[in-house]
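Asks: What follows is a predicted protein model with its sequence.
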Protein chains: 2
Amino acid sequence: MKREERRQEIINLLVESRAVDLDDIAARFGVSKMTIHRDLDDLERAGVLRKVRGGATIDPGTRFESDFRFRELQEADVKRALAETAADLVEPGMTVMINDGSMASVLGDVLAEKKPVTIITNNAAIMERLKGLSGVTLIGLGGIYSAKFNAYFGIVTEEALSRLRADIAFISTPAASGRLAYHMDEAVVRTKRAMMTSSRRTCLLINSRRFGHTALHVLADLAEFDTVISDKALPHDTSADLADGKTAVRIANKEKTT
Amino acid sequence: MKREERRQEIINLLVESRAVDLDDIAARFGVSKMTIHRDLDDLERAGVLRKVRGGATIDPGTRFESDFRFRELQEADVKRALAETAADLVEPGMTVMINDGSMASVLGDVLAEKKPVTIITNNAAIMERLKGLSGVTLIGLGGIYSAKFNAYFGIVTEEALSRLRADIAFISTPAASGRLAYHMDEAVVRTKRAMMTSSRRTCLLINSRRFGHTALHVLADLAEFDTVISDKALPHDTSADLADGKTAVRIANKEKTT
DNA sequence: ATCAAAATCACAAGAATAATGTTATAATTT
DNA sequence: AAATTATAACATTATTCTTGTGATTTTGAT
């Protein structure tokens, strides 16, 4: 087991139990305490946890957000499955918008296979990965860089979107409840909405675990999307509400990951 | 001598003689032919040279441009000197525009020291380096990504610039002759000009070796700039023409690099 | 077509870097 | 003050990068 795996595991433990004991994990992974100290130090610097005497806890500064940060680092399999399913909606030659978030970054990687394709995004991770790939026309959205979301936002971003038009926009969300999707940041919501407005079709990507959460701002009514993709069946109330609308629901299958 | 030094040297040799012999450079650096093969393969992939039987030549596809590409990889000292001099024009708190080009990337690094500072750029290298630095507000300009210049261009970029305003714009150019600066690409020219329009003051950065070259499009009259920075005195005709105008000329000093 | 030079490939040796462990010392907690 | 935990500095061990070697294939000239 190598360094990064071990750290990922520490995060997973933390998500489950909200706190970990240093001696305990050192024994569990069969490494010295010093190594765990270094792991925790680095993870603390990265902002995912807080060291306390004898171990670590999840950073109590923010509530939902910390939860969010954790999930960002996990569930790569779910993200991959959602991305693969989303990619089915894209044909070579299309113009696609992708928003911020790590889920979205994975989608960027997957869509690079569909070349030729034009990708419009404010997601810095995607820009870095896709720039220079032949067959991929990359249109970066400018704006004020946000380290928190590793993406660009603001008036500049929204103005740029108002001058562009895509075949489909892929929007991801960290929270949904009932028929509404939520986000904690206003600037992010505005950018996502601008993408929806500038696209012929829209698709929401949501991890099934995010259902039942809310956040400060309403992002959209799920019925506004042409397609909603998740990794498990939607909660009953949600799916019932959606049943008679025009919104298609697709469930991604983790197993048959290509 | 390590790998990168050796490769840099190979490039230098190539700039001088337009072609190198594989056996020759293997002997010169005291390494095996296989190592040189690998160097040349990588440099070829990076687009700086073309392998031919027995050695390599500069990529004959483009003329001026290939020359340009080479210089990009060299003269780090000149770039540094120009950047340091340019940085003197910036006070903490200012908003600065920086254009594409490797010269400009160096300037980005140097300006990061002047925090707090707001940096507006279409230069992908700068975005990657500066994003997330505390004290630096990064405003990325969107647009269509150009692998050739590693920057973003087009209507989106220009529109974004039209909504922004900076204290000073740093413009670099690969060619100047008489009192005019030139560039081979129209989209790049438009972006640079948009930056000039959106800034209170403007500053041109030019490597002295670039004087005497021209290119397809006129970028600007040197007299349009408030300041012109170079690493050696300007050619006589140029400086005479500039003498009675309001343009200040500054010569960067390689030695006193901070 | 044939031969010699050059290029490529696959693997091994060596160098450089990163990760981990050890021990000693300092800081906290009780 | 004693015990526990954290930090720091250095030693050791893994891992990764770089280079070299020799076998094999390709190329270009005759």
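Replies: Noted; the coordinates are in hand.
Asks: Surely A:T85 and A:S230 touch.
Replies: No: between A:T85 and A:S230 no contact is recorded; they are 9.2 Å apart, counting by C-beta atoms under 8 Å. C-betas here are computed from N, CA, C, even on glycine.
Asks: Could you pick out the residues of the stretch 1-150 of chain A near chain B for me?
Replies: Residues of the stretch 1-150 of chain A found near chain B (C-beta under 8 Å from any C-beta of the partner chain) are A:122, A:124, A:127-128, A:131-132, A:137-145, A:147, A:150.
Asks: follow-up on the earlier one: any common contacting residues for A:T85 and A:S230?
Replies: Residues within reach of A:T85 and of A:S230 at once, by C-beta atoms under 8 Å, 6 or more residues apart in numbering or on different chains, are A:R250, A:I251, A:A252.
Asks: From those, keep the buried residues only.
Replies: A:A252 (16 or more other C-beta atoms under 10 Å in any protein chain shown).
Asks: pLDDT, secondary structure and distance to chain B added to the shared contacts of A:T85 and A:S230, as CSV?
Replies: CSV is the format used below for those (pLDDT from 0 to 100; DSSP: H, G, I helix; E, B strand; the rest coil; distance: C-beta to the nearest C-beta, whole Å):
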residue, pLDDT, secondary structure, distance to chain B
A:R250, 92, strand, 30
A:I251, 93, strand, 34
A:A252, 87, coil, 29
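Asks: so which of the shared contacts of A:T85 and A:S230 comes closest to DNA strand D?
Replies: Checking the shared contacts of A:T85 and A:S230 against DNA strand D by C-beta to the nearest atom of the strand gives A:A252 as the nearest, at 30.7 Å.
Asks: Check the gap between that closest one and A:L111 for me.
Replies: Note on A:A252: its distance to A:L111, by C-beta to C-beta, to the nearest Å, is 15 Å.
Asks: Inside strands: which ones of the residues of the stretch 1-150 of chain A next to chain B?
Replies: A:T137, A:L138, A:I139, A:G140, A:G143, A:I144, A:Y145 (DSSP state E).
Asks: most neighbours, which of those residues?
Replies: Counting neighbours by other C-beta atoms under 10 Å in any protein chain shown, the top entry in these is A:G140, with 30 neighbours.
Asks: wait, that one sits on B:G140?
Replies: Yes: using C-beta under 8 Å, A:G140 is in contact with B:G140, at 6.9 Å.
Asks: can you list residues touching both of those two?
Replies: Shared contacts of A:G140 and B:G140, defined by C-beta under 8 Å, 6+ apart, comprise A:Y152, B:Y152.
Asks: dump the residue contacts of the closest residue to DNA strand C within the stretch 101-250 of chain A.
Replies: DNA strand C sits closest to A:E128 of the stretch 101-250 of chain A, with a gap of 20.0 Å, by C-beta to the nearest atom of the strand. Neighbouring residues of A:E128 by C-beta under 8 Å, 6+ apart: B:E128.
Asks: so A:I25 sits right up against A:L13, yeah?
Replies: Yes: counting by C-beta under 8 Å, A:L13 is a contact partner of A:I25 at 6.9 Å.
Asks: out of those two, which sits in the busier spot?
Replies: Ranked by neighbour count (other C-beta under 10 Å), A:I25 and A:L13 place A:I25 first, with 22 against 17.
Asks: quick one: pLDDT of the more buried one?
Replies: On the pLDDT scale, A:I25 is placed at 94.
Asks: where's it, which helix or strand?
Replies: Take DSSP states H and E as the rule and A:I25 turns out to sit in helix A:22-29.
Asks: Where does pLDDT dip in chain A?
Replies: A:59-76, A:132, A:254-258 (pLDDT under 70).
Asks: So for chain A, which residue is the most central one in space?
Replies: With distances taken as C-alpha atoms, centre = their mean, the residue of chain A nearest its centroid is A:M103 (3.2 Å).
Asks: If you count surrounding residues, which of A:T85 and A:S230 has more?
Replies: Each of A:T85 and A:S230 has its neighbours counted (other C-beta under 10 Å); A:S230 has more, 25 against 22.
Asks: mind checking how far that one is from DNA strand D?
Replies: Distance of A:S230 to DNA strand D, given as C-beta to the nearest atom of the strand, to the nearest Å: 35 Å.
Asks: List the contacts of that residue.
Replies: By C-beta under 8 Å, 6+ apart, A:S230 lies in contact with A:L82, A:L205, A:I206, A:N207, A:S208, A:V249, A:R250, A:I251, A:A252.
Asks: picking that back up, which of the ones in strands among the residues of the stretch 1-150 of chain A next to chain B sits closest to B:L49?
Replies: Using C-beta to C-beta, A:L138 comes nearest to B:L49 of those, at 26.4 Å.
Asks: With adjacent residues omitted, what lies nearest to that closest one?
Replies: Distances taken as C-beta to C-beta, 6 or more residues apart in numbering or on different chains place B:Y145 nearest to A:L138, at 4.0 Å, with adjacent residues excluded.
Asks: same question, A:L180
Replies: Setting aside the residues directly before and after it, A:L180 is nearest to A:V218 in space (C-beta to C-beta, 6+ apart), at 5.4 Å.
Asks: The one you found: what secondary structure?
Replies: On the three-state scheme (DSSP: H, G, I helix; E, B strand; the rest coil), A:V218 is labelled strand.
Asks: and it, what are its bridge partners?
Replies: A:Y182 (DSSP bridges).
Asks: all strands in the stretch 101-250 of chain A, in order from the N-terminus.
Replies: Ranges of strands in the stretch 101-250 of chain A, per DSSP state E, counting those that start in this stretch, are A:117-121, A:136-140, A:143-146, A:151-153, A:166-172, A:175-177, A:180-183, A:199-206, A:217-221, A:227-230, A:248-251.
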